[in-house]
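>>> coords please:
(4 chains)
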4 protein chains.
Amino acid sequence: MIVHIASDAPKELIQQCVEHYQAFVIDDAGQQALVTSSQVKKLDERFTSLAERTFAFDSDIQLASRLYQGGTRTIELPGGITVGGDTGHTAFISGPCSVESEGQIETVAQALQQSGIKILRAGCYKPRTSPYSFQGMAEEGLQILDRVRKKYGLGIITEVRDATHVDQVIEYSDIIQIGAKAMYDQGILRRCATIRKPVLLKRGFGTNLQEFVQAAEFILSGGNPNVMLCERGIRTFETKTRFTLDLCGVAYLKEHTNLPIFVDPSHAMGYAYGVADLTRASTAMGVDGLLIESHPNPREALSDASQQLTLEQMAQLRQSIVPVAQAVGRTVV
Amino acid sequence: MIVHIASDAPKELIQQCVEHYQAFVIDDAGQQALVTSSQVKKLDERFTSLAERTFAFDSDIQLASRLYQGGTRTIELPGGITVGGDTGHTAFISGPCSVESEGQIETVAQALQQSGIKILRAGCYKPRTSPYSFQGMAEEGLQILDRVRKKYGLGIITEVRDATHVDQVIEYSDIIQIGAKAMYDQGILRRCATIRKPVLLKRGFGTNLQEFVQAAEFILSGGNPNVMLCERGIRTFETKTRFTLDLCGVAYLKEHTNLPIFVDPSHAMGYAYGVADLTRASTAMGVDGLLIESHPNPREALSDASQQLTLEQMAQLRQSIVPVAQAVGRTVV
Amino acid sequence: MIVHIASDAPKELIQQCVEHYQAFVIDDAGQQALVTSSQVKKLDERFTSLAERTFAFDSDIQLASRLYQGGTRTIELPGGITVGGDTGHTAFISGPCSVESEGQIETVAQALQQSGIKILRAGCYKPRTSPYSFQGMAEEGLQILDRVRKKYGLGIITEVRDATHVDQVIEYSDIIQIGAKAMYDQGILRRCATIRKPVLLKRGFGTNLQEFVQAAEFILSGGNPNVMLCERGIRTFETKTRFTLDLCGVAYLKEHTNLPIFVDPSHAMGYAYGVADLTRASTAMGVDGLLIESHPNPREALSDASQQLTLEQMAQLRQSIVPVAQAVGRTVV
Amino acid sequence: MIVHIASDAPKELIQQCVEHYQAFVIDDAGQQALVTSSQVKKLDERFTSLAERTFAFDSDIQLASRLYQGGTRTIELPGGITVGGDTGHTAFISGPCSVESEGQIETVAQALQQSGIKILRAGCYKPRTSPYSFQGMAEEGLQILDRVRKKYGLGIITEVRDATHVDQVIEYSDIIQIGAKAMYDQGILRRCATIRKPVLLKRGFGTNLQEFVQAAEFILSGGNPNVMLCERGIRTFETKTRFTLDLCGVAYLKEHTNLPIFVDPSHAMGYAYGVADLTRASTAMGVDGLLIESHPNPREALSDASQQLTLEQMAQLRQSIVPVAQAVGRTVV
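Have a look, this model is predicted:
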């Protein structure tokens, strides 16, 4: 249940209510709101005087629900980009799987600049499934991203893999990406709740939509309203492609949540050949953003070699989605 | 292995070869072709004189493979529509889940006509999972479709559920639809191999892409080249939507097979609210056709009530995909 | 809803009731019963005089439900074996994937005889996923099984692949096996409802438990009470094994249905090395029967080579489950 | 590749080799071993003098592979229990989902003692999917477990949820449980590699077997040889049960890895009614241990209420698996 607290409510009573329900209190765009479990359908009588307005829910999707806030919330991204709300914007974000060297990132940054792309993605802490693979450049990589950001005026999005370096990623990155394998990590979720930087939460590949949005509620209920969801493929019985991009799930999220929705077709497909088609498909669905892996030389990439586009393919793809976005009344930014 | 047989090859030797490999012989657009298991990588020496050209394959996707025939095969549908090849056509097919009455089908036919839609879909033999549900109007339904076809000049596609009525559906329908639950049914597949009418083969919801295309090979190797594939959602752990539309799979099929690809977003989503978005997504991928469920009064539908569009929604959707198709260089027919 | 019809109910009223609800009427162990959709929760007033007793259900699992008939139904198999009821019997059935020759089947039959196994399994119509693989010996195979049955006094279970040969399999086989890929085939289900021979219905690998039991309802509601369910692995994201044996599903079926439950670990595992462990696991769950693939020479098998046990392994396995069955109060037959 | 280093190898050359391959060096039961990626199939010539023996692998399952070490490794657990090796032991571990109060844990501890159960499980950091649910008693819970351990002489296993409290769990717990949702967490895995306490690694419900064992390699390659795997159900399309217990996967792990295998049927099933059957099934497979949820009053449990056994059911279950274990030549401890 979400309770909009009356402006003249006594602090002591609020505190009692918080303790009674083990509730969260947040500032929701100027409105003080108290959030309890959705199993609470009605406030206890002694607390009803607190409530200016109450919202009851069927499940623990509450702050993220369209039944609470209709429409998609507006979130400001780096590079002067805004997504959600009435903007009609679809953000195109690109870059390599991993930071491999300063030269590599500079080459990518130049290509992004030429294509009018404002945000660079690249990982420094790679959540590899084997200890014997390349694990990312860690803080050295973050420092490279920092220098390139300044030189090229790009926004940066990079991934946090586990709670041990979440502070570091928060310090360096403009958007915090919580990767698919870290999506349930409360050490990360709760830490990201204490900042205001936008957070891109990727769906775990074994995660259902209910759990996915509930993970966002960890951040929202802690006080950070700037959460975006990213569908990146779920694990199914089909193995000809790396994962299965769940655009039915995207339709569900658009209908039922107020969070901007991104799609990452690169990880879903796992092969460069399908990425352009899936990017256009996602664009035609009116999503708020796209995450496309690209690399100066995909064959030499230290991770995800098969799915990264060349910088030329990336530039062409960026170009090709403009008319698709227009056809559904949107603009690529 | 596919062997193009030399025009002067002795019939007796061909026959010996067929028996030796338990091979199929078909007329492939004027060229006599012999098809064996893909485990045969080289013809036995005594048969090499037969071969004008040979094609070896990694798997039993052979006649359907782009390694055999580059590009998508061209197939003529009713209503003067052609898909595949260089046509750049995306066929929009619509109609109710089930034939429920002649009046219902007439109402739909009029709506299709007004929207310029040439092919009507409607089921007479419903593969329901419960014996206690409405099972379809059977031959009476087929007769209704026949009368409406003549009156409105529409093409008809209807589904065969099991081998007991495959002859009947072949007699009445312009396109034979093999439903998801019947996809492995060799009684149906082998019968459809003996005709030339186009066959729309729907992917089983538990079927991987390899098996799906191999099911098409049952029809192709029996002599009917007019096979189209239809992705309609696979069964995954996600249950907020009825199935999960596998557009990664569509990207795979486009890259590796020469069969036209259709998409049925209605069954994948299971809810009317997501159908338009998924239809536009599929259109942006450049698929060859779309199957959209619509009904004069979805709430009263005897089957699939939640996922059918109203006729107005269907007409608007048909309109809205025109610019999306244009954006990717295609035309809706 | 199931309605036990009073013995003095007027035939005309019964007929009206059948037509009103499109209901089934069966003889349920001497009691005339009328079965409607489970959406009917209460009989219309004009029919209440018919009813001696009524049973309402949450879903279309009705005749198979423990809420209708507590305990497991008793079914007589060939070879003097009975399963279900209070027998505490676990039937061990074995044999090759496919009938390949009379000699092969004789060798297997002798091995079964020596191990005290009473029922032979072997397929004649193989539901292969490729047209280029061995498809089974068809009626010739059935005739071999018939001769071996007579010579060795074994019961026979063999599979029907599609409706075109269901009559043939019914004629030759003692137990009709409906394979995983044919599980939704109403041509087969409805035909098997008209006989009294026991039917072993295998779960489709993409089929959920609700649909699985509803498929059995097609047979039960048509008048054949002798249906047994067989779990044989479902398709999941895990590909190190062929399928994933769903013993949680077996626990569900034991709790909620009155049908005897069989397990086929061979197809689930796909590799001989895991079959013995999974057979013992299934035995410890107290299942009613086991289907184990064995072959005189697995490496040379024309189908399922990797998962068939040698006849020696099969005999040892049969031996090893005796104490496991005893440990849970059961007997292997 | 694993390289057994000759005892007289020069330290400098070892160091060069480590740097060249970014390799791990561990003490493997007295033998110094160097571990590289499995993509290394042959040592560079300048390093061959280091190697007493080398082991090459097809995949990054190396230290855990039976091709490296045949048989199951022996691991000492608290309470004087040993699993793996030639012990033939199946450890039975039980307790509530969550520590809820000291009284609750005492009640459980007494019941365990009466049944001869040596290890208590109970969670203090619950990886709930909603921020609005009970999240566990955290360090207060760990202190309760500590006191109860001392009073009743039990061993303790409790779960680490994320890297922020891994040190705390390592300090208090005898066995470190890494939960399904934390299985990819390198902050946890790498920290657990630096200790010698046994680690029970639960399979993620969306994790395939390859990734699962590779997660164990993070711990093994960091120097902790005491890793046990726990199958606890994977997420599939079947939703009548909470998850699908993958005993095919257990058969695979037993065949291909040298790590002791545990099974947790409680989380897989999600309902108390199936737990006993699945526990007996797992026992009959010869697993090394079992994790069974039990609670003094399951209906009142703050988490996992539906799947916990009463203490009486737990005691009966413990009893009932003794003859099953005997039937397969094993002993319950």
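
>>> Tell me how many other residues surround the residue nearest to residue A:152 when sequence neighbours are not counted.
In space, and not counting its chain neighbours, residue A:152 is closest to residue A:109: 4.3 Å by CB to CB, 6 or more residues apart in numbering or on different chains. All C-beta atoms are positioned from the backbone trio N, CA, C, and that covers glycine. The tally of other residues near residue A:109 (other CB atoms under 10 Å in any protein chain shown) stands at 21.

>>> Same check on the one 4 residues further on?
One way to gauge burial is a neighbour count; for residue A:113, by other CB under 10 Å, it gives 14.

>>> For the closest residue to it other than its chain neighbours, what are phi and psi?
Among residues not flanking residue A:113 along the chain, residue A:152 sits closest, at 5.7 Å (CB to CB, 6+ apart). Dihedral pair for residue A:152: phi -110, psi 0, per degrees, to the nearest 10.

>>> Could you measure from residue A:152 over to residue A:287?
Computed as CB to CB, to the nearest Å, the residue A:152 to residue A:287 distance reads 25 Å.

>>> which residue does the stretch 151-300 of chain A bring closest to chain D?
Nearest residue of the stretch 151-300 of chain A to chain D, counting by CB to the nearest CB: residue A:206, 1.6 Å away.

>>> Dihedrals phi and psi, that residue?
When read as degrees, to the nearest 10, the backbone of residue A:206 gives phi -110, psi 20.

>>> isn't it right next to residue D:204, touching?
Yes: with contacts counted by CB atoms under 8 Å, residue A:206 reaches residue D:204, the gap being 6.4 Å.

>>> can you pull out the helices in chain A?
A:11-21, A:102-114, A:138-152, A:166-172, A:186-192, A:209-220, A:247-256, A:265-269, A:272-284, A:311-327 (DSSP state H).

>>> Make CSV from those and add mean pLDDT and distance to residue C:330 to it.
As requested, these are exported to CSV (pLDDT from 0 to 100; distance: least, CB to CB, whole Å):
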stretch, mean pLDDT, distance to residue C:330
helix A:11-21, 96, 51
helix A:102-114, 97, 65
helix A:138-152, 97, 58
helix A:166-172, 97, 54
helix A:186-192, 97, 46
helix A:209-220, 98, 40
helix A:247-256, 98, 45
helix A:265-269, 98, 47
helix A:272-284, 98, 52
helix A:311-327, 98, 62
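
>>> of these, which approaches residue C:223 most closely?
helix A:247-256 (39.8 Å; CB to CB).

>>> okay, now whichever residue of the stretch 1-150 of chain A sits closest to chain C: neighbour count?
Ranked by CB to the nearest CB, the top residue of the stretch 1-150 of chain A for proximity to chain C is residue A:129, at 13.9 Å. Other residues lying near residue A:129 total 19 when counted by other CB under 10 Å.

>>> Assess the claim that it and residue D:209 are in contact.
No: Residue A:129 is beyond contact range of residue D:209, at 11.5 Å (criterion: CB under 8 Å).

>>> wait, does stretch A:166-184 contact chain D?
Yes: judged by CB under 8 Å from any CB of the partner chain, stretch A:166-184 and chain D are in contact via A:181, A:182, A:184.

>>> Would you mark the buried spots in that stretch?
If you call a residue buried by 16 or more other CB atoms under 10 Å in any protein chain shown, then stretch A:166-184 has these buried ones: A:166, A:168-170, A:172-184.

>>> Enumerate every residue touching residue A:307.
Going by CB atoms under 8 Å, 6 or more residues apart in numbering or on different chains, residue A:307 touches A:242, A:266, A:267, A:269, A:270, A:271, A:272, A:275, A:293.

>>> Go again with 7 Å.
Going by CB atoms under 7 Å, 6 or more residues apart in numbering or on different chains, residue A:307 touches A:266, A:267, A:269, A:270, A:271, A:272, A:275, A:293.

>>> Going by neighbour count, which of the residues you listed comes out on top?
Busiest of these [other CB under 10 Å] is residue A:266, holding 29 neighbours.

>>> which stretches of the stretch 1-150 of chain A form strands?
A:2-5, A:24-28, A:31-35, A:51-55, A:75-76, A:82-83, A:89-95, A:119-121 (DSSP state E, counting those that start in this stretch).

>>> Filter the residues of stretch A:166-184 next to chain D down to the ones in strands?
Counting by DSSP state E, the residues of stretch A:166-184 next to chain D place none of their members in strands.
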